[in-house]
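**Student:** Prediction below, plus the sequence it came from.
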Amino acid sequence: MNSPQLQRGVFLALLAAVTGAFIWVLMPFFGAVLWGVALAILFTPLYKWLLRKMRGKPNIAALSTLAICLFIVILPLAMVGVSLVQEVALVTQSIRSGEINFAAYFQQILDASPKWLLSLVERFNLGDMAAWQARISAAAGQASQIIASQALTIGQNTFDFVVSFFVMLYLLYFLVRDGAGLSKKVRDALPLAKPHTHYLLNKFTTVIRATVKGNVAVAIAQGTIGGLAFWFLGVQGALLWAVLMAFLSLLPAVGAALIWGPVAIYFLATGHFWQGGVLIFVGVFVIGLVDNILRPLLVGKDTQMPDYIVLMSTIGGMAIFGINGFVIGPVIAALFMAAWGLFADSGHVGNGHEPLEGSPGFENPGHAEDKKKG
């Protein structure tokens, strides 16, 4: 009764079980593994260049790549993080003491609003303004409590963060050094036709590289510009708002405007016309142009996905996976579109047949490899 079919079935069941168990074991380090893989993909071209310059010394080249990554990515983020914690503490204290009073700001906007606007708001049954003011006061109080509790949580989870950080660095070293060999093993192990495997893995690496490089570049640019504008205009907590703008800029099209827009409205409503005008100009013509020029150039062009797919997959990914979702969401969307594109073009995926040459959306992986070598 010990037939080859039974043996194969038991082996596949064992393979699925140990794979699931291994993923379960790695789940506490999910973020460390994700960013280790993403940074390895991003810095592999640098590693290959250093390897050529160092005449085939992989350990030294990998360590040099890791040092450069620490210097240009991780240390600046750590410095911003330390400054941000201090800024959050000051802003939270100002909210609790009443120095920053969002309800008063809202009341000032109401007092400066024309009567026709107030009547229009009442006509659409948007509620009593006093009730809105009370809601804003309550929301501000809850926000300060949440910020304080999150700061406490971060302090309590410092050990976990440090462990995950060193796991990421350790993994990044080996992924940079041995990434080519691991990639070949994955390609050989996947039960797919070789052209399909090459195409999907190339799509995976391309989307991660474009998403991390593009979104991070856009976030840094928009956050920096918005933070400098807030600092120049005397807005308290400019660093905090800059980080929030950078974070929200991960959402295409709407992002940073959720922060600078209400501040510009407040300036205009309270008679600070030149401050409001400057902020609107910077927001629309500088921050907006950064989003409209850099994002399609760095993200959409490489991923070959429509803007609305990038937007929905980014928001959905962040809703499910948190901050890691801005990478995971577009990757899942790109692989979904690539897999269904292969299926539609060939009609024989799973039977080992080659995809039809010249089919739309499909590029011969061999040609892609030749382009990269060239």
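**Tutor:** Ah, there it is. A quick note: this is a predicted structure, and the numbers were derived from the prediction, not measured.

**Student:** what sits up against stretch 35-43?
**Tutor:** The contact list for stretch 35-43 (C-beta atoms under 8 Å, 6 or more residues apart in numbering) reads 65, 68-69, 73, 167-169, 171-172, 175-176, 179, 205, 208-209, 212-213, 324, 327. The way it works is simple: take the backbone N, C-alpha and C, and place the C-beta from them, glycine included.

**Student:** One more pass at 7 Å, please.
**Tutor:** 65, 69, 168, 171-172, 175-176, 179, 205, 208-209, 212-213, 327 (C-beta atoms under 7 Å, 6 or more residues apart in numbering).

**Student:** Show the average pLDDT along that stretch.
**Tutor:** Stretch 35-43 shows a mean pLDDT of 88.

**Student:** Then stretch 230-242?
**Tutor:** On average, the pLDDT along stretch 230-242 is 84.

**Student:** can you check stretch 261-276 too?
**Tutor:** Rounded mean pLDDT across stretch 261-276 is 83.

**Student:** Number the residues from 25 up from this point.
**Tutor:** Got it, the first residue is 25 from now on, which makes the last one we talked about stretch 285-300.

**Student:** Give me the nearest residue to residue 347, chain neighbours excluded.
**Tutor:** Closest residue to residue 347 apart from its sequence neighbours, by C-beta to C-beta, 6 or more residues apart in numbering: residue 271 at 7.9 Å.

**Student:** do the same with residue 83
**Tutor:** residue 201 (6.9 Å).

**Student:** thinking again about what came up before, ok, and the most crowded of the contacts of stretch 59-67?
**Tutor:** Neighbour counts for the contacts of stretch 59-67 (other C-beta atoms under 10 Å) peak at residue 200, which has 29 neighbours.

**Student:** so where's the chain shaky on pLDDT?
**Tutor:** For the chain, residues meeting the criterion pLDDT under 70 lie at 25, 108-110, 113, 115, 118-183, 276-278, 319-328, 370-398.

**Student:** and the gap between the residue nearest to residue 83 and residue 299?
**Tutor:** Note on residue 201: its distance to residue 299, by C-beta to C-beta, to the nearest Å, is 52 Å.

**Student:** repeat for residue 243
**Tutor:** 25 Å.

**Student:** again, but for residue 88
**Tutor:** Shown here: residue 88 relative to residue 299, a distance of 47 Å by C-beta to C-beta.

**Student:** I'd guessed the residue nearest to residue 83 sits against residue 88; true?
**Tutor:** No: using C-beta atoms under 7 Å, residue 201 makes no contact with residue 88, being 11.1 Å away.

**Student:** More neighbours: which of these two?
**Tutor:** residue 201 (21 against 18).

**Student:** any idea which helix or strand carries the more buried one?
**Tutor:** Remark: residue 201 resides in helix 182-213, with elements defined by DSSP states H and E.

**Student:** What residues of that helix count as buried?
**Tutor:** Across helix 182-213, burial judged by 16 or more other C-beta atoms under 10 Å covers 188, 191, 192, 193, 195, 196, 197, 199, 200, 201, 203.

**Student:** ditto for stretch 65-83
**Tutor:** 65, 66, 67, 68, 71, 74, 75.

**Student:** now do stretch 216-227
**Tutor:** Going by neighbour count (16+ other C-beta under 10 Å), the buried part of stretch 216-227 is 216, 217, 219, 220, 221, 222, 223, 224, 225, 226, 227.

**Student:** Mind checking which of the residues you listed land in helices?
**Tutor:** When DSSP state H is applied, the buried residues of stretch 216-227 are split such that 219, 220, 221, 222, 223, 224, 225, 226, 227 fall in helices.

**Student:** what about the residue nearest to the last one when sequence neighbours are not counted, helix or strand, and which?
**Tutor:** Counting by C-beta to C-beta, 6+ apart, residue 227 lies nearest to residue 362, which is 4.6 Å off, once chain neighbours are set aside. Secondary structure assigned from DSSP H and E places residue 362 in helix 349-370.

**Student:** what's that helix packed up against?
**Tutor:** helix 218-256, helix 331-345 (3 or more C-beta pairs under 7 Å, 6 or more residues apart in numbering; DSSP states H and E).

**Student:** any idea which helix or strand comes after whichever strand or helix holds residue 287?
**Tutor:** Take DSSP H and E as the rule and residue 287 turns out to sit in helix 281-293. Next along the chain after helix 281-293, taking DSSP H and E as the criterion, comes helix 297-305.
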